[in-house]
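# from the sequence below, what's the structure:
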Amino acid sequence: MTIPASIRKTLLTLSIASMGMFASAQDVLPIPSEQPIDTVEEVRYPFVDYDRNHFTGVEHSKSFDLYYQNFDRMMRYGIGQLQIIHFGGSHIQADIWSNLVRERLQNIDTNIQGARGLLFPFKTAKTNRPYSYYVNWTGEWQGHRSSYSKHESTWGVSGITATSTDTVVSLKFTFHQSPTPVKTRMFKLLSNLEQTDYKLEVKCESDNYVHVTHHPQAYTEAMYGHDVDSIELVFRKPAGSTDELQFYGLVSENYNPGIVYHSVGVNGSRFVSFQRCDLFEEQLPYVRPDLIIMSIGTNDSSEPGYDSTNYKANFKSFLDQIRTANPNCAIMLTMPNDNYVRRKYHNDNLSSVRSVIYELAEEYDAKVWDLYGIMGGSGSARTWRDAGMMKTDLVHFTKEGYLIKGDLFYQAFLEDYLKWHNEQEPIWTE
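Predicted coordinates for the structure are as follows:
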């Protein structure tokens, strides 16, 4: 069997570095870029501990073995899609580092791209949006975040809901800002549409058609005649109706093999935020995750009343919810980054959080990406800030910092996959 030519160069570059054929291989990283790269050009970042940029936790995870088997089959033969859901807070809502990982995975082989995954009209909820897609809308919308204790609403897997009571409202999702736009052939609309007087119209070009199917108490599904690069929805209700439309998200799909990378992040999210989402367990199986990446817990760790026992219990509750959707899904726990509270008080709970995460990794057959250690450990947030990679709040990264973060994670993923692959058979044969 042979690995496709499109993946060989990436794996060869990584394997050469791991064998020490580059000077100071631990000090190199592909230059961050918004465009997927296919190059051996590298740059040094002295504030990064490259020796730690590996997946740790359970070394021979059964769930990851299954994931890598499916990933390998997909890359070799173009069979199937793999669903990744990346949960987090503000780091993921911005969708900079998660989108970079998405684009890297979807461009290892451009014939094996997958689909875009979960979308949400963040600007209608008056909050910051990802830059990998754009949303136009009409009508008056209100936003409700499960992470904001004063908000009351019904929430689903996205943790945020947009509502409207206008007679006519619309949403249009466009992917023109993506460097390599992933086409949509169908989508699942997550909403309360079936419980309201609203009627849905799905717009399409004159040379296309769309078939809409309503699944009561679940979702509305639309299938186009051929691929589209935008999704336009119009919701109408009779004059005089007082019904409220609740929009939980839209899942963009297609028939192409590859990665479907759903980024689910809401500013300020904590574990308890998702416990408020009544429809979470109902909606999660609609995408049936193969891999869950957990980048949540930073806000929990910086609370004044932090307690490691409660932290672990809340984390376990979230992981248990996920496992109900797919008992065999692989789980990646990413360590919270080094950070400060109100810019001057170091978050000393991070060492405790680190211990909890490694305990959970053993319990849930999970791998760990130790961002805290990779950054340089306690106090490293200031070093990254001084290098222009973190914002002055010492919690969030700058755009360049997020891109470095994404490249590091992607490199660690490929390294771990290559390690698994080498244990199965030679890297490639002629």
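
# please count neighbours and contacts with C-alpha atoms only from this point.
Will do.

# which SS state does Leu82 fall under?
Here Leu82 is strand, with the state taken from DSSP: H, G, I helix; E, B strand; the rest coil.

# tell me the bridge partners for it.
Beta-bridge partners recorded for Leu82 (DSSP bridges): Ile259.

# now do the SS call for Ala239.
coil.

# my error: substitute Thr127 in the last question.
Thr127 - assigned by three-state DSSP - is coil.

# could you measure from it over to Asn267?
Distance, Thr127 to Asn267, using C-alpha to C-alpha, to the nearest Å: 9 Å.

# these two touch, right, Glu400 and Met389?
Yes. The pair Glu400 / Met389 is scored as a contact, 6.0 Å apart, by C-alpha atoms under 8 Å.

# neighbour count: these two, which is higher?
Legend: neighbour count by other C-alpha atoms under 10 Å for Glu400 and Met389, higher for Met389 (23 against 17).

# hang on, Lys391 packs against Phe397?
Yes. Counting by C-alpha under 8 Å, Phe397 is a contact partner of Lys391 at 5.4 Å.

# and these two? Which one has more around it.
Phe397 (24 against 18).

# still on that earlier bit, who has more neighbours, Thr127 and Asn267?
Asn267 (21 against 13).

# gap between the more buried one and Gly117?
Relative to Gly117, and taking C-alpha to C-alpha, Asn267 is found at 19 Å.

# same thing with Glu362?
According to C-alpha to C-alpha, Glu362 stands 29 Å off from Gly117.

# these two: which is more packed in?
Neighbours around Glu362 and Gly117, counted as other C-alpha under 10 Å, are more numerous at Gly117. The numbers are 23 against 15.

# wait, that one touches Val264, no?
No. Gly117 is not in contact with Val264 according to C-alpha under 8 Å; the separation is 10.0 Å.

# what's the overlap in contacts for those two?
Common neighbours of Gly117 and Val264, counting by C-alpha atoms under 8 Å, 6 or more residues apart in numbering, are absent.

# which ones are touching the closest residue to Thr163 other than its chain neighbours?
Spatial nearest neighbour of Thr163, chain neighbours left out: Gln246 (4.6 Å); criterion: C-alpha to C-alpha, 6 or more residues apart in numbering. Counting by C-alpha under 8 Å, 6+ apart, Gln246 makes contact with Thr154, Thr161, Ala162, Thr163, Ser164, Ser191, Asn192, Leu193.

# same check on Thr163?
Here Thr163 is in contact with Trp141, Gln142, Gly143, His144, Glu244, Leu245, Gln246, Phe247 (C-alpha under 8 Å, 6+ apart).

# relative to Arg342, which of those is nearest.
Within those, distances to Arg342 taken as C-alpha to C-alpha reach their minimum at His144, with 25.2 Å.

# residues contacting the helix or strand harbouring the closest one, please?
Assigned by DSSP states H and E, His144 belongs to strand 142-145. Contact with strand 142-145 is made by 124-126, 151-153, 159-164, 266, as judged by C-alpha under 8 Å, 6+ apart.

# pull out the buried residues from those residues.
Those of these that meet the buried threshold are Thr124, Ala125, Ser153, Gly159, Ile160, Thr161, Ala162, Thr163, Ser164, Val266, by 16 or more other C-alpha atoms under 10 Å.

# need the max-distance pair from those residues.
Ser164 and Val266 (19.7 Å).

# what about the strands in the stretch 1-150 of the chain?
All strands of the stretch 1-150 of the chain, identified by DSSP state E, counting those that start in this stretch, fall at 29-30, 42-43, 55-57, 81-88, 117-119, 134-138, 142-145.

# Cys277 and Trp155 touch, don't they?
Yes. Counting by C-alpha under 8 Å, Cys277 touches Trp155, with 4.6 Å between them.

# what is in contact with these two at once?
Residues touching both Cys277 and Trp155 (C-alpha under 8 Å, 6+ apart) are Ser146.

# the two: which has the busier surroundings?
For the pair Cys277 and Trp155, the greater number of neighbours falls to Trp155 (26 against 21), based on other C-alpha under 10 Å.

# list the contacts of that one.
The neighbourhood of Trp155, defined by C-alpha under 8 Å, 6+ apart, consists of Ser146, Thr161, Tyr248, Arg276, Cys277, Asp278, Leu279, Phe280.

# which of the residues you listed fall within helices?
Cross-referencing these against helices under DSSP state H gives Phe280.

# would you show me how to pick out the buried ones of the contacts of Trp155 in ChimeraX?
ChimeraX command restricting these to the buried ones, with burial defined by 16+ other C-alpha under 10 Å:
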select :146,161,248,276,277,279,280
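
# who's in contact with stretch 374-383?
Applying C-alpha under 8 Å, 6+ apart, the set of residues contacting stretch 374-383 from outside is 47-53, 337-340, 346, 348, 372, 384, 390, 394-395.

# do that again at 10 Å, thanks
By C-alpha atoms under 10 Å, 6 or more residues apart in numbering, the residues outside stretch 374-383 that reach it are 46-54, 335, 337-340, 343, 346-348, 350-351, 370-373, 384, 386-397, 405, 408.

# those in strands, which ones?
Applying DSSP state E to these, the entries found in strands are Tyr340, His346.

# now, of the contacts of stretch 374-383, which are buried?
Neighbour counting over those (16+ other C-alpha under 10 Å) leaves 47-50, 52-54, 335, 337-340, 346-348, 350, 370-373, 384, 389-397, 405, 408 as the buried ones.

# quick check, Tyr417 in contact with Phe64.
Yes. The criterion here is C-alpha atoms under 10 Å, and Tyr417 meets it with Phe64 at 9.3 Å.

# of the two, who's got more company?
Higher neighbour count among Tyr417 and Phe64: Phe64, with 25 against 21, using other C-alpha under 10 Å.

# nearest spatial neighbour of that one, skipping sequence neighbours?
Ala330 (5.2 Å).

# ok, now Gly78?
Pro257 (5.7 Å).

# could you measure from the one you found over to Leu418?
Here the distance between Pro257 and Leu418 works out to 20 Å (C-alpha to C-alpha).

# go on, Ser153?
For Ser153, the distance to Leu418 equals 45 Å [C-alpha to C-alpha].
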